[in-house]
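A.B. asks: Kindly return the folded structure for what I paste below:
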Amino acid sequence: MQKITFLIHCKDQKGIIAAVTNFILKVEGNITYIDQHVDIEQNVFFMRLECELTNPGIGIEAIKTDFSQTIATNFQMSWDLYNQEQKPKMALFVSKYDHCLFDILGRYSADELGVEIPVIISNHNDLRSIAERFDIPFHCVPFTKDNKEEGEKQQIALLKKYEINFIVLARYMQIITPGLISLYENKIINIHHSFLPAFPGAKPYHSAFKRGVKIIGATSHYVTEELDEGPIIEQDIARVSHIHSVDDFIMKGRDLERIVLARAIKLHAERKTMVYSNKTVVFS
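C.D. replies: Numbers count the residues shown, from 1 in each chain. Predicted coordinates:
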């Protein structure tokens, strides 16, 4: 029995839920999950729906065509349909920090994330041995301000070769090029070692320590051309006080980075996020 997920957004109007659920009934689907949200200020409707297809004679491509020509057209929807049995292919971008990489690969080995990881790409060779330990192809693509164009070409060629659906920056310490961002719009996930929008930049824990904050945090967000300004997927915090040193901040922060990034990956892989007006709707 095939299982599919619909993600839908459009102008809020009467009859959307009835039309969609009646369509599922028509194609002999059984709804197992449905949730919706309306942005009152912008008058936008969002829906996430999961269902099981009980008639093997009605294929997913036929359902897509039918939905596009009827419901989606009538309500002027932006929508996607995903086959739950197909795990998305995720590329990892790393530099020299290994804490997020180890955590992701550990969860991946335990089949917690619902993804495939066909490749790890780095601008350094430092973490190659970790990739080899988990039997994942590792490619070093040098990337500096002097070779950005060539570096981008190599990255894109690798992503196409491995048929990558989305990218995770597991503490990758280079700015992603506009060309790559445009190819993977709302499909590049970053972990920022700060509770954004506070303390952006390269050393947020040091900035937070100097400011005397009582909480520190980590933020996972989609990458846009505006540095550290993309739609936020997941955040978390830890309490700190005057007794904690900068090293304590960093240790606590790295724990948060692992947890927050793993949650964001899982939310994206399970098609539970929708981006609109530089914000996200995250379904449970």
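A.B. asks: quick one: H99 and R254 touch, right?
C.D. replies: Yes - the pair formed by H99 and R254 meets the contact definition of Cβ atoms under 8 Å, at 5.0 Å. Using the backbone N, CA and C atoms, a C-beta is placed for each residue, glycine as well.
A.B. asks: pLDDT wise, what is the nearest residue to L7 once chain neighbours are set aside at?
C.D. replies: For L7, ignoring the flanking residues on the chain, the nearest one in space by Cβ to Cβ, 6 or more residues apart in numbering is D80 at 4.8 Å. The predicted structure scores D80 at 96 on the pLDDT scale.
A.B. asks: where's the helix or strand hosting D80 relative to the chain centroid, distance-wise?
C.D. replies: Take DSSP states H and E as the rule and D80 turns out to sit in strand 78-83. Centroid separation for strand 78-83 versus its chain: 16 Å, with Cα atoms, centre = their mean, to the nearest Å.
A.B. asks: Neighbouring strands of that strand in the sheet, and parallel or not?
C.D. replies: Its sheet considered, strand 78-83 pairs with strand 2-11 (antiparallel) by DSSP bridges.
A.B. asks: okay, stretch 18-36 in CSV with CA atoms only?
C.D. replies: Included here for stretch 18-36 are C-alpha records, laid out as CSV according to Å, rounded to 0.1, in the frame of the first residue of the first chain:
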residue,chain,number,x,y,z
ALA,A,18,-13.8,19.6,1.5
ALA,A,19,-12.4,19.7,-2.0
VAL,A,20,-9.1,18.1,-1.0
THR,A,21,-10.6,15.4,1.2
ASN,A,22,-13.3,14.5,-1.4
PHE,A,23,-10.5,14.2,-4.0
ILE,A,24,-8.7,11.7,-1.7
LEU,A,25,-11.9,9.7,-1.4
LYS,A,26,-12.3,9.7,-5.2
VAL,A,27,-8.8,8.2,-5.7
GLU,A,28,-9.6,5.6,-3.0
GLY,A,29,-7.2,7.0,-0.5
ASN,A,30,-7.5,6.7,3.3
ILE,A,31,-6.5,9.9,5.2
THR,A,32,-4.2,9.1,8.1
TYR,A,33,-3.2,12.6,9.0
ILE,A,34,-4.4,16.1,8.2
ASP,A,35,-3.5,19.5,9.6
GLN,A,36,-4.0,23.1,8.4
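A.B. asks: For that stretch, which residues meet the burial criterion?
C.D. replies: Of all the residues in stretch 18-36, those buried under the rule 16 or more other Cβ atoms under 10 Å are 20-21, 23-24, 27, 29, 34, 36.
A.B. asks: With stretch 81-99 instead?
C.D. replies: Buried residues in stretch 81-99 (16+ other Cβ under 10 Å): 81-82, 88-95, 97-99.
A.B. asks: Repeat that for stretch 275-284.
C.D. replies: Neighbour-count burial for stretch 275-284, with 16+ other Cβ under 10 Å as criterion, is recorded at 275, 280-283.
A.B. asks: ok, now stretch 136-151?
C.D. replies: 136, 138-139, 141, 143, 151.
A.B. asks: Just the ones of the residues you listed in helices?
C.D. replies: G151 (DSSP state H).
A.B. asks: Which residue in the buried residues of stretch 136-151 has the weakest pLDDT?
C.D. replies: The lowest pLDDT within these belongs to F143, with 88.
A.B. asks: What is the end-to-end distance of stretch 107-122?
C.D. replies: With Cα to Cα, to the nearest Å as the measure, the ends of stretch 107-122 fall 20 Å from one another.
A.B. asks: still on that earlier bit, which one of the buried residues of stretch 81-99 is nearest K210?
C.D. replies: Looking at the buried residues of stretch 81-99 and their distance to K210, the nearest is Y97, at 22.0 Å (Cβ to Cβ).
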